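Visitor: below: sequence and its predicted model.
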Amino acid sequence: MQDSDIERIAGWLVERGLAGISEYELLKGFSELCRETGLDLCRSLAFIDTLHPVYEGRAFFWRHDGSQDQWQVEYGPTSDGESADEWQKTSFYHLLTTGGSELRRRFCDGDPPDFAHLEKIRDEGQTDYVALLHRFPGDNHIGEMDCFYSHWTTSHATGFCDDDLAAMRRLVPALALAVKCTSLARVAGTLVEVYLGRDAGRRVLGGRIARGVADRIHAVLWFSDLRGFTAITDTAAPDEIIPLLNDYADAVISAVHEAGGDVLKLVGDGTLAIFKSADAGDACRQALAAEADLRRRVATLNARRTAEGRPVTSVYLGLHVGDVFYGNIGSNDRLDFTVVGPAVNEVSRISSMCRSVDQGVLMSAEFAAEVPEAYRDRIVSVGRYALRGVGRPQELFTLDPTRREPAAAGD
């Protein structure tokens, strides 16, 4: 490979990295460009850890013959169990723990396949194997994203030549930088969506981060919390509280998301969410579909937790519709992307009334008025009530459990 080829491939990596193409497309394009210049690559693999609540990282595969079953996988934690045992048998773990940056096995010269998967690679006709590790030193990493791992193989009879290895040593760091940029953008997206919510996260990443920047929107507001949560925390074992919160939060959040809503905030056992639509009736329909889905999820969850001998509860839900400001609230160095306005206070008070009137769900008159016709015969008044912090008594409504849900909501 000539210096001009190396400069051309490095330039391609910079251009595509700045464009934000996927990690796999970076690996694939890089590998194919190397082949075009005479470097006889047959297979390549790259992976990088990430910051995600479920996955530890992402791995990317390329083969010249296109025969791989998967070109990308997300892998779970490798810190314990069978996954840890498998990880500790790899050439990458060896490099990581010994401080090395390169490991080579020339099978064509009789080198042993002494790490996990190397025997399979050799038996499939690969003659040379090179593993590279590029570290991100100091504090220049997020979470476990502290290294870029890659390996490269050839089936050429004499393996990689010295010029091949020299070219890879010059070029793979540029690939590592491009992949890191793409992965960091993915991490940023994950973090803002996990902690702010899907729609709010997209808005923040879109640049709406200035204090006081907010949109006035008309939306359905959802506020739910757990029945008897204080009593449960007083009586349950301390190590049961977080799993309980996680179980019921998962049911609530999943139901809201499946119906098209956005969860904005978790406050202890409480959940604030919104449903937005150009048609208020459609947003109400989405909220009622989420309510029905939530009841099914909680029933299944309670059956499982009861069988396990763990505490169970149910969910109180308040639904309201009104105008709110949706955007950034706070100081210059600590902002919250949320909704504010009298309607937010009202939906919280409506939810808290569920205890007093012994109903699982309560709706405001404004919400009931916007509900589509197919739902009207399920909605019944429970009377007028004074809500704390709200100037006038409100007529509240609930769902008649004896009447079937509309077909559109789940029949």
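Guide: Alright, I've got the coordinates. Residues are numbered from 1 along each chain as shown.
Visitor: what are the pairing partners of the longest strand along the chain, and which direction each?
Guide: Ranked by number of residues, the top strand in the chain under DSSP state E is strand 315-331. Next to strand 315-331 in the sheet, as set by DSSP bridges, lie strand 214-226 (antiparallel), strand 334-340 (antiparallel), strand 361-364 (parallel).
Visitor: winner for burial among these?
Guide: Ranked by mean neighbour count, those are led by strand 361-364 with a mean of 26 (mean count of other C-beta atoms under 10 Å). All C-beta spots, glycine's among them, are computed from the backbone N, C-alpha and C.
Visitor: the most far-flung residue of the chain relative to its centre: what's it in contact with?
Guide: The centre of the chain is farthest from one residue, Asp109, which by C-alpha atoms, centre = their mean lies 45.6 Å away. By C-beta atoms under 8 Å, 6 or more residues apart in numbering, the residues touching Asp109 are Gly159.
Visitor: torsion angles phi and psi at it?
Guide: Per-residue torsions, Asp109: phi -100, psi 10 (degrees, to the nearest 10).
Visitor: swap in the one 4 residues further on?
Guide: Pro113 has phi and psi values of phi -80, psi 70 when expressed as degrees, to the nearest 10.
Visitor: and for it, the neighbour number?
Guide: 16 (other C-beta atoms under 10 Å).
Visitor: repeat that for the one 4 residues further on.
Guide: Residue crowding around His117 was assessed by other C-beta under 10 Å; the count is 15.
Visitor: kindly report the same for Gln2.
Guide: Neighbour tally, Gln2, other C-beta under 10 Å: 11.
Visitor: how about the longest strand of the chain: buried residues?
Guide: 315-322, 324-328 (16 or more other C-beta atoms under 10 Å).
Visitor: tell me the one of those residues nearest Phe160?
Guide: Of all those, the one sitting nearest Phe160 is Asn328; the distance, using C-beta to C-beta, is 53.3 Å.
Visitor: just name the shakiest helix or strand of the chain by mean pLDDT.
Guide: helix 198-205 (a mean of 78; mean pLDDT, DSSP states H and E).
Visitor: for Ala178, phi and psi?
Guide: Dihedral angles (degrees, to the nearest 10) for Ala178: phi -60, psi -40.
Visitor: flag every buried residue along the one helix or strand Asp164 maps to.
Guide: Here Asp164, judged by DSSP states H and E, is contained in helix 162-196. Neighbour counts over helix 162-196 (16+ other C-beta under 10 Å) mark 164-165, 167-168, 171-172, 174-176, 178-184, 186-187, 190-193, 196 as buried.
Visitor: what's the answer for stretch 147-166, then?
Guide: For stretch 147-166, using 16+ other C-beta under 10 Å, the buried residues are 147-156, 159-161, 164-165.
Visitor: and that stretch, how far apart are its ends?
Guide: In stretch 147-166, first residue to last residue: 21 Å (C-alpha to C-alpha, to the nearest Å).
Visitor: and the contacts of that stretch?
Guide: 1, 39-49, 91-92, 96, 104, 106-109, 121, 125-136, 168, 172, 175-176, 179-180.
Visitor: if we can go back for a sec, with Arg310 as the reference, name the closest of the strands paired with strand 315-331.
Guide: Nearest to Arg310, of those and by C-beta to C-beta, is strand 214-226 at 13.9 Å.
Visitor: same for the following helix or strand past that closest one, what does it pack against?
Guide: Note on strand 214-226: by DSSP H and E, the next helix or strand toward the C-terminus is helix 229-235. Where contact means 3 or more C-beta pairs under 8 Å, 6 or more residues apart in numbering; DSSP states H and E, helix 229-235 is packed against helix 238-258.
Visitor: tell me where the stretch 1-150 of the chain has strands.
Guide: 43-49, 57-63, 72-75, 102-106, 128-135, 147-154 (DSSP state E, counting those that start in this stretch).
Visitor: now the last one, how far from the chain's geometric center?
Guide: Okay, so that is strand 147-154. 26 Å (C-alpha atoms, centre = their mean, to the nearest Å).
Visitor: the inter-axis angle of it versus strand 57-63?
Guide: 20 degrees (axes from the mean of the first three to the mean of the last three C-alpha atoms, to 10 degrees).
Visitor: and the least confident helix or strand of the chain, how far out from the chain's middle?
Guide: 13 Å.
Visitor: and for stretch 126-133?
Guide: For stretch 126-133, the distance to the chain centre is 33 Å (C-alpha atoms, centre = their mean).
Visitor: CA-only coordinates of it, as PDB, when you get a sec.
Guide: The C-alpha trace of stretch 126-133 is given here as PDB (Å, rounded to 0.1, in the frame of the first residue of the first chain):
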ATOM      1  CA  GLN A 126      -7.400 -17.900   7.700                       C
ATOM      2  CA  THR A 127      -3.600 -17.800   7.700                       C
ATOM      3  CA  ASP A 128      -2.800 -14.700   9.800                       C
ATOM      4  CA  TYR A 129      -4.600 -13.000  12.600                       C
ATOM      5  CA  VAL A 130      -3.900  -9.500  14.200                       C
ATOM      6  CA  ALA A 131      -5.700  -8.100  17.200                       C
ATOM      7  CA  LEU A 132      -5.300  -4.400  17.900                       C
ATOM      8  CA  LEU A 133      -6.300  -2.400  21.000                       C
END
